[in-house]
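[1] Predicted coordinates and the sequence they were generated for:
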Amino acid sequence: APTTPGGPVVVLVGPPGSGKSTVGRLIAERLGVAYRDTDADIVAAQGREISDIFVDEGEPYFRELERRAVAAGVAAHTGVLSLGGGAILDPGTRDLLAGLPVAYLSMEVESAVRRAGLGAARPLLAVNPRRQWRELMDARRPLYTEVARVVVATDDRTPEEVAQAVLDAL
Ligand code: S3P
């Protein structure tokens with residue numbers, strides 16, 4: 001697998017439900033490296049759930065915590081790193097990803113609605129999920145594409161197939 005000296009071997013971005021953690025774990029297993037994800041890092045550091053941070057502190061505060069978690073992961077982690085689905089909204093976070101082997105796990109709106117639905121753990125999608133997914137994807141697609149070295153469509157693919165496609169593409 002291709003490596004960036006000192007940095008993550010693969011960084012996964014993409015919307016919630018695109019399979020970042022499942023695929024990321026599979027890739028890490030295949031490569032024999034560690035898996036890490038910024039949501040889990042934030043929960044561990046803050047001692048509360050992401051949804052509580054959103055509700056209590058607001059999204060801008062969360063994005064700042066997330067940018068710091070991405071900076072720490074990019075600097076210190078040499079395995080597979082998955083980012084929260086909205087991490088790419090922050091320009092500073094996008095800058096941190098420059099030059100890294102970033103794979104965008106893309107997903108059509110219909111797949112998103114089918115897979116992720118409207119879980120309480122996904123505070124941006126609580127109301128009218130189909131319309132919100134469409135707006136969310138329209139806003140984010142160019143940003144995912146901007147940071148990505150490769151784009152892998154996840155629709156109609158198993159996590160194993162997506163993991164293989166990422167490894168083949170990077
Ligand atoms: C978010 C995605 C979540 C989490 C937070 C916000 C988003 O991560 O970071 O709820 O804005 O898309 P996952 O993509 O891992 O669900």
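    Structure's in. What do you need? This structure is a prediction, so every number in the text was calculated from the model and none was measured.
[2] From now on I want contacts and neighbour counts done on CA atoms only, so please keep to that.
    Will do.
[3] For whichever strand or helix holds residue 104, give the mean pLDDT please.
    When elements are assigned from DSSP states H and E, residue 104 belongs to strand 102-106. The average pLDDT for strand 102-106 rounds to 98.
[4] For that strand, which outside residues touch it?
    Residues from elsewhere that reach strand 102-106 (Cα atoms under 8 Å, 6 or more residues apart in numbering): 10-15, 18-20, 144-145, 147-155, 166, 170.
[5] In strands, which of those appear?
    Among those, the members found in strands (DSSP state E) are 10-13, 150-153.
[6] what residues does this structure put near the ligand?
    15-16, 39, 50, 84-86, 122 (Cα under 6 Å from any ligand atom).
[7] CSV for the residues you listed, including neighbour count, secondary structure and pLDDT?
    Listed next are the residues of the chain next to the ligand as CSV, based on neighbours: other Cα atoms under 10 Å; DSSP: H, G, I helix; E, B strand; the rest coil; pLDDT from 0 to 100:
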residue, neighbour count, secondary structure, pLDDT
15, 25, coil, 93
16, 19, coil, 90
39, 20, helix, 97
50, 18, helix, 96
84, 20, coil, 97
85, 19, coil, 96
86, 19, coil, 96
122, 16, coil, 59
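[8] Chain neighbours aside, what residue packs nearest to residue 162?
    residue 154 (6.2 Å; Cα to Cα, 6 or more residues apart in numbering).
[9] Could you check how many residues crowd around that neighbour?
    22 (other Cα atoms under 10 Å).
[10] I'd like to know which elements the helix or strand of the chain with the lowest mean pLDDT is packed against.
    One helix or strand of the chain scores below all others by mean pLDDT, DSSP states H and E: helix 109-116, with a mean of 80. Contact here means 3 or more Cα pairs under 8 Å, 6 or more residues apart in numbering; DSSP states H and E; on that basis helix 109-116 packs against helix 129-147.
[11] and the angle for the helix it packs on with strand 102-106?
    Taking axes from the mean of the first three to the mean of the last three Cα atoms, to 10 degrees, one finds that helix 129-147 is oriented at 160 degrees with respect to strand 102-106.
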